[in-house]
Each structure stands twice: as C-alpha cells, then as structure tokens.
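*Asks:* got a structure for you, letters missing:
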C-alpha cells in the first residue's frame, strides 16, 4: 500500500518533533543529574558546619545555662539546618543565621572568666572553633553546587532545548542562597 506524500510528510514531521523533544528531555535530565551529583559536596560541607556548631554548644553548655539566649539561638539554627526536609533556601538561611549566632556565642564565651580559667576550653573558644567555623563558612559559600546550579539555570533559560525541557517538567536547579 502506498502512502500519500502528505501523510508521509506528517509522519516525518511528527517523528522529527518527537526526536527533538526526547533529545531535549534526555539531555537536560542528564545535565540536572550532574548538578544533583555536586549536591553531595554541599551536604558534606554543611555537615562540617553542623559538627562545628555542636562542638561550640558542647563548650557553651559547660559555662552557660541551657536557657541562655545565645545557646538557644544556636540550638534552633542547628535544628533547622540539620533538618533533611528543609529546602535549600531555608537551609541557606539557617546556615547564615548559624554562622552569625555561633560567632556571637563564641565571642560571649571568650569573655567569660570560667572559659579563661579553663585552658582547654579557652583554646577551643579562641582558636580551634572560630577557625573551624570560618573554614566551613568559606567552603560552603564556595561550593561547587551553586556554580553548577547557576550554570545549569543559565543554560536552560537561554536555549530552545531548555525551553522545551521546562515545558516537559524539568525544573531549574535550586540555588543554595538565603531567601
């Protein structure tokens, strides 16, 4: 049976469109998977930040009551940052708050006579913990995840195949930044 020319052209156009859509979806899905793979590095850095904050709280609890406002703020920041179900914007916000509140708690601890009298805690408060806090902050801010997410978002928003992929449900990557 012979196909009419018009029918053959329609079939060919449908196949070409289907191929373009499939290629766009598959390509952008792979690109997004690459961005998501870099997320593990960000999580590792955030875990370092959480561990440092827990160490700060351990020292603080030896010298301040649990009801101290600075101790409670750091504890609350930690619970928000440590929550695996929090979106990246909220995690970034909690990370920023934790950095500020933990630094404030360290400053308050450094002025306490009980810390000054304890050589181990004085070393932690004045040297080790501020250094760990600063290093984890620098590593978190320079995370490869944000760079990969920004590049992905830039490409998906400026290309035709990205437009098609977004129409088929591929979302831009979430950036680790406070809302």
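*Replies:* In hand now; what should we look at? Remember, predicted model here, so these are calculated numbers, not experimental data.
*Asks:* List the contacts of stretch 116-134.
*Replies:* Residues outside stretch 116-134 that contact it (C-beta atoms under 8 Å, 6 or more residues apart in numbering): 48-49, 52-53, 55-56, 59, 62-63, 99, 102-103, 106, 109-110, 115. Any C-beta I mention is one placed from the backbone N, CA and C, and that applies to glycine too.
*Asks:* after the lowest-mean-pLDDT helix or strand in the chain comes which helix or strand?
*Replies:* Lowest on mean pLDDT, DSSP states H and E among the helices and strands of the chain sits helix 129-141, with a mean of 75. Sequence-wise, the next helix or strand downstream of helix 129-141 (DSSP states H and E) is helix 144-158.
*Asks:* Measure how far that next one is from the centre of its chain, please.
*Replies:* Here the centre of helix 144-158 is set off from its chain's centre by 14 Å, with C-alpha atoms, centre = their mean, to the nearest Å.
*Asks:* Name the spans of this protein whose pLDDT lies under the cut-off.
*Replies:* 1-3, 84-86, 138-142, 178-179 (pLDDT under 70).
*Asks:* got the angle between the longest helix along it and helix 144-158?
*Replies:* In the chain, taking DSSP state H as the definition, the longest helix is helix 5-63. On the basis of axes from the mean of the first three to the mean of the last three C-alpha atoms, to 10 degrees, helix 5-63 is oriented at 150 degrees to helix 144-158.
*Asks:* just how off-centre is helix 5-63 within its chain?
*Replies:* That offset, for helix 5-63, works out to 12 Å (C-alpha atoms, centre = their mean).
*Asks:* buried subset of the contacts of stretch 116-134?
*Replies:* 48-49, 52-53, 55-56, 59, 63, 99, 102-103, 106, 109, 115 (16 or more other C-beta atoms under 10 Å).
*Asks:* Any chance of a markdown table for the residues you listed, columns distance to residue 158?
*Replies:* Output for the buried ones among the contacts of stretch 116-134, formatted as a markdown table (distance: C-beta to C-beta, whole Å):
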| residue | distance to residue 158 |
| --- | --- |
| 48 | 35 |
| 49 | 33 |
| 52 | 39 |
| 53 | 39 |
| 55 | 44 |
| 56 | 43 |
| 59 | 49 |
| 63 | 54 |
| 99 | 33 |
| 102 | 39 |
| 103 | 39 |
| 106 | 44 |
| 109 | 49 |
| 115 | 54 |
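*Asks:* No further questions, thank you.
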